[in-house]
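*Asks:* can't give you the sequence, but here's the structure:
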């Protein structure tokens with residue numbers, strides 16, 4: 001058995017994967033799956049079908065001497081993961097099968113499957129909630145090192161399995177009268193896999209498929225938050241099951257303390273986080289009016305790892321504020337509304353009571369890889385975006401020597417593990433945790449830092465200069 005590296009932190013980490021049904025299921029967007037040649041199928045099927053939402057919870061766990069450690073890293077069944085990685089990488093599954101089956105059978109996350117949620121040590125304290133969105137080719141386990149490090153520090157992290165064709169593989173069910181259908185296999189979607197009907201409206205989004213996938217992801221984020229919040233509050237309407245039907249300690253999640261306080265803090269100060277297209281998802285969600293029919297998410301902070309900006313319309317994105325309204329001493333907080341409509345919309349619901357509305361937005365931390373910071377046009381746009389969100393000085397941290405996949409588990413996998421991968425992950429986690437715990441400025445005094453200096457080290461194949469950041473691997477550049 002291979003284990004991923006252990007992670008520092010005060011608490012052992014539990015891992016449970018939940019699913020919640022979407023009834024009725026519905027198509028998001030107009031993109032269709034292309035009919036294969038010589039197929040007997042007569043019509044295109046919707047490519048983005050919202051049937052159920054899945055997410056893996058990483059959390060502080062209650063364990064004892066009998067608790068067994070080891071959570072599979074590869075999505076099960078292994079055969080489907082093989083097909084998924086082959087589709088994502090664009091290679092034959094026969095080239096991958098020895099590696100996938102070896103790692104799939106033996107590779108484990110050093111965490112406790114379905115362990116009970118730990119009771120906070122202090123009365124009235126609640127574990128903070130983080131919702132995480134993966135990037136292209138990612139999964140609910142592909143960022144287990146980052147998510148587990150947050151959990152080991154005392155956070156509950158919900159890593160969404162996006163079923164929009166951006167993951168390597170997923171197996172959603174449809175639900176009818178409370179029953180699951182047999183799962184269908186959804187692999188990574190490429191442009192060659194999709195089709196638009198001739199009568200579809202022209203999509204002016206810069207990357208039409210990614211735009212519709214972003215819309216799909218919005219639904220998944222809202223459903224994840226809403227379903228989990230209802231579950232934690234023991235709402236009878238909540239419907240969460242484990243993805244494989246295994247049992248777990250429900251009471252540890254829903255039993256409040258003597259004062260009625262739930263163990264997880266869901267009603268305010270929620271954090272959104274994401275990598276690459278997941279970071280793009282966070283920016284898109286925060287710059288878009290909330291979807292109708294969903295509970296607003298009281299987002300307080302965002303941690304974005306190497307955000308990919310190209311799928312977002314330009315100029316922008318621009319923040320939509322968090323509304324805090326006082327009326328005769330009453331505060332309503334946490335709704336995300338478009339600023340021009342905020343006061344009028346809320347005034348119409350308060351029977352003419354005078355309102356003092358203040359619009360703010362979540363605090364933001366960006367952690368960039370060296371490769372994305374050296375992507376000149378992209379980095380300039382990122383700085384403009386952060387300035388719009390944090391006019392008093394937003395933080396973009398760049399880690400020298402890191403690459404785009406440094407935020408995931410891939411560089412830390414056994415056999416292919418790089419010597420610098422784990423120290424870089426430790427720095428990423430330390431920066432994110434200190435930001436969430438309001439100690440970032442203090443931590444920046446303890447980690448190696450350097451200034452932004454770029455050296456030309458050669459010429460690329462296209463004739464452009466090949467550049468590199470000066471400094472030691474793991475140094476932090478703060479701008």
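*Replies:* Cool, the structure landed. What you see is a predicted model, and the numbers here were worked out from it, not measured in a lab.

*Asks:* am I right that residue 212 sits in a helix?
*Replies:* Yes. Assessed by DSSP: H, G, I helix; E, B strand; the rest coil, residue 212 belongs to a helix.

*Asks:* OK, contacts around residue 262?
*Replies:* By C-beta atoms under 8 Å, 6 or more residues apart in numbering, residue 262 lies in contact with 126, 232, 233, 254, 256. For every residue, glycine as well, the C-beta is placed using N, CA and C.

*Asks:* among these, which pair sits farthest apart?
*Replies:* 126 and 254 (13.2 Å; C-beta to C-beta).

*Asks:* which of these two has more neighbours?
*Replies:* The neighbour comparison of residue 126 against residue 254 (other C-beta atoms under 10 Å) goes to residue 126, with 20 against 17.

*Asks:* check contacts around the nearest residue to the more buried one once chain neighbours are set aside.
*Replies:* Closest residue to residue 126 apart from its sequence neighbours, by C-beta to C-beta, 6 or more residues apart in numbering: residue 265 at 3.6 Å. Contact criterion C-beta under 8 Å, 6+ apart gives 126, 127, 128, 129 as the residues in contact with residue 265.

*Asks:* put the buried members of those into a PyMOL selection.
*Replies:* The PyMOL command for the buried members of these (criterion: 16 or more other C-beta atoms under 10 Å) is given here:
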select buried, resi 126+127+128+129
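
*Asks:* residue 24: which of the contacts of residue 265 is nearest?
*Replies:* Closest to residue 24, out of all of the contacts of residue 265 and judged by C-beta to C-beta, is residue 129, at 27.9 Å.

*Asks:* am I right that that closest one is in contact with residue 268?
*Replies:* No. Between residue 129 and residue 268 there is no contact under C-beta atoms under 8 Å: 9.6 Å.

*Asks:* quick one: low-confidence residue ranges for the stretch 51-200 of the chain.
*Replies:* Residues of the stretch 51-200 of the chain meeting the criterion pLDDT under 70: 177-178, 198-200.

*Asks:* the helices in it, which residues?
*Replies:* 78-89, 93-106, 144-152 (DSSP state H, counting those that start in this stretch).

*Asks:* which residues sit against the shortest one?
*Replies:* What that stands for is helix 144-152. 4-5, 7-15, 56, 58-60, 71, 73, 109-111, 130, 132, 157, 159, 305, 407-409, 412, 425, 428-429, 432-433, 436.

*Asks:* what comes up buried for it?
*Replies:* For helix 144-152, using 16+ other C-beta under 10 Å, the buried residues are 144, 145, 146, 147, 148, 149, 150, 151, 152.

*Asks:* closest to residue 50 among those?
*Replies:* Using C-beta to C-beta, the buried residues of helix 144-152 come closest to residue 50 at residue 147, 23.6 Å.

*Asks:* and the gap between the closest one and residue 75?
*Replies:* Distance, residue 147 to residue 75, by C-beta to C-beta, to the nearest Å: 15 Å.

*Asks:* about what we covered before: redo the buried residues of helix 144-152 as CSV? Include distance to residue 473.
*Replies:* As requested, the buried residues of helix 144-152 are exported to CSV (distance: C-beta to C-beta, whole Å):
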residue, distance to residue 473
144, 23
145, 18
146, 18
147, 24
148, 23
149, 19
150, 23
151, 26
152, 24
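
*Asks:* from the residues you listed, pick the one nearest residue 23.
*Replies:* Among these, and counting by C-beta to C-beta, the member closest to residue 23 is residue 147, at 28.4 Å.

*Asks:* what's opposite the spatially most central residue of the chain in the beta bridge?
*Replies:* Closest residue to the average C-alpha location of the chain: residue 133 at 1.4 Å, with C-alpha atoms, centre = their mean. Beta-bridge pairing of residue 133 under DSSP bridges involves residue 274.

*Asks:* how about residue 27?
*Replies:* Beta bridges link residue 27 to residue 49, judged by DSSP bridges.

*Asks:* so what's it up against?
*Replies:* 46, 48, 49, 50.

*Asks:* for residue 266, same thing?
*Replies:* 129, 225, 228, 229, 232, 233.

*Asks:* leaving out sequence neighbours, find the closest residue to the last one.
*Replies:* Nearest residue to residue 233 in three dimensions, chain neighbours excluded: residue 262, at 6.4 Å (C-beta to C-beta, 6+ apart).
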